[in-house]
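Enquirer: Build the 3D model from these lines:
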Amino acid sequence: MILTSDPDFWRAQLGRPVLERLGVAPAEVLAYVASVNASQQINQQGSQQGVQQSDPALAASPEAVVLAADFLADVQNAMAEMPPSLLKLLARPLLGVYFARGLGSSALTDVVMAPDGQQLGVVCLMDTDAFLHRAANDWATWKEYTPFLPQDQYRIDVIIETPDNDNRKNAIQFILLHEFGHVLNANSEYLPDWWIGSKRFKSTEEYSYLSLAWQIAMSGDVIPLLRNDFPQRKHLRFYTGEQLPGELIPEIYQDLQKTSFPTLYAATNVYDDFADGFASYVHEVIQQRPFEICIRQGEQTIMELRDYWSGPKAKARASVFAEMFAGA
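Expert: The predicted structure is shown next:
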């Protein structure tokens with residue numbers, strides 16, 4: 001949660017068209033990210049016995065970025081080409097998309113609160129360095145590798161665009177879809193609000209998306225239902241943190257296919273389950289674009305993951321998202 005000292009700035013953003021809510025990350029937002037990264041670095045150092053160095057991505061200090069004209073055009077086009085119903089849903093909660101480098105991930109999203117406790121809306125930050133030189137399939141493949149240590153035995157290839165559409169703009173669009181999933185689950189009945197603390201969570205059954213694959217434990221922690229858990233799930237860390245041996249890639253994707261999660265990223269926590277499920281639903285079902293993961297050992301394909309949304313495991317999630325768009 002970002003506590004702002006200038007609520008009028010954020011209120012002014014809500015008065016602008018959604019496609020114009022873009023800009024350089026404000027200083028108070030960067031200061032908030034820096035404090036979160038520092039806290040995560042301390043926690044990581046305390047939990048990784050025998051590790052001599054903390055993750056450099058967490059130690060990095062975020063800084064504002066003024067976008068080059070071609071990058072800004074890609075962002076604007078990525079948003080403009082989203083479904084009109086989605087832009088309508090974003091009109092009230094989205095304070096804007098802002099740009100920086102050194103975030104520690106491709107993007108992040110959080111709520112902005114006024115000093116009097118009024119929630120003003122939700123802001124998204126994007127790390128431009130993650131996209132400067134990556135087209136869609138290259139970015140998606142890079143992201144999918146981030147939980148694993150480098151190795152030569154197995155290869156992951158991710159396809160989220162056809163060759164004609166494999167460009168930077170569509171890489172940006174997919175990550176924005178993920179972040180907009182976070183925007184739309186804030187203040188909803190889908191999930192508990194992440195900023196209120198587990199002591200204020202309601203019961204599992206009162207959250208329509210959470211109860212599909214997760215439960216609220218007696219401790220207040222949100223944990224997967226038994227049928228959606230697997231041995232290495234809790235050790236998955238995308239972008240930053242301790243990585244798993246690459247030799248576990250086939251085992252982990254085999255285990256993933258036994259669950260109802262739409263992606264490996266979705267298996268990490270309930271909020272990314274919603275956001276990555278939302279992104280892939282819009283991408284595949286509404287926009288009719290590909291999402292395929294191929295695991296290879298040498299030149300041999302040993303596993304393919306595709307067509308999640310046409311299968312029975314997707315039915316309940318698809319119903320949630322279809323109802324969301326039906327009300328737009």
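Enquirer: any idea how far stretch 267-280 is from the chain center?
Expert: 7 Å (C-alpha atoms, centre = their mean, to the nearest Å).
Enquirer: average model confidence for it?
Expert: Per-residue pLDDT values over stretch 267-280 give a mean of 98.
Enquirer: Can I get that stretch in PDB, CA atoms only?
Expert: Only the C-alpha atoms of stretch 267-280 are listed here, as PDB (Å, rounded to 0.1, in the frame of the first residue of the first chain):
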ATOM      1  CA  ALA A 267       0.700 -21.600  -8.800                       C
ATOM      2  CA  THR A 268       2.900 -19.400  -6.800                       C
ATOM      3  CA  ASN A 269       0.200 -17.500  -4.900                       C
ATOM      4  CA  VAL A 270      -3.500 -16.700  -5.100                       C
ATOM      5  CA  TYR A 271      -3.100 -13.200  -6.300                       C
ATOM      6  CA  ASP A 272      -0.900 -14.200  -9.200                       C
ATOM      7  CA  ASP A 273      -3.300 -17.100  -9.900                       C
ATOM      8  CA  PHE A 274      -6.000 -14.500 -10.500                       C
ATOM      9  CA  ALA A 275      -3.800 -12.100 -12.400                       C
ATOM     10  CA  ASP A 276      -2.100 -14.700 -14.700                       C
ATOM     11  CA  GLY A 277      -5.400 -16.500 -15.200                       C
ATOM     12  CA  PHE A 278      -7.000 -13.200 -16.200                       C
ATOM     13  CA  ALA A 279      -4.200 -12.300 -18.600                       C
ATOM     14  CA  SER A 280      -4.200 -15.700 -20.300                       C
END
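Enquirer: thinking L244 is in contact with L149, fair?
Expert: Yes: look at L244 against L149 with C-beta atoms under 8 Å: they come within range, at 6.8 Å. In short, each C-beta sits where N, CA and C put it, glycine included.
Enquirer: Looking at those two, which has the bigger crowd around it?
Expert: Between L244 and L149, counting by other C-beta atoms under 10 Å, L244 is the more crowded of the two (16 against 12).
Enquirer: who touches that one in this structure?
Expert: By C-beta atoms under 8 Å, 6 or more residues apart in numbering, L244 lies in contact with P147, F148, L149, Q232, H235, L236, I252.
Enquirer: Export those residues to JSON lines and append columns for pLDDT and secondary structure.
Expert: Output for those, formatted as JSON lines (pLDDT from 0 to 100; DSSP: H, G, I helix; E, B strand; the rest coil):
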{"residue": "P147", "pLDDT": "97", "secondary structure": "coil"}
{"residue": "F148", "pLDDT": "97", "secondary structure": "strand"}
{"residue": "L149", "pLDDT": "97", "secondary structure": "coil"}
{"residue": "Q232", "pLDDT": "98", "secondary structure": "coil"}
{"residue": "H235", "pLDDT": "97", "secondary structure": "helix"}
{"residue": "L236", "pLDDT": "97", "secondary structure": "coil"}
{"residue": "I252", "pLDDT": "98", "secondary structure": "helix"}
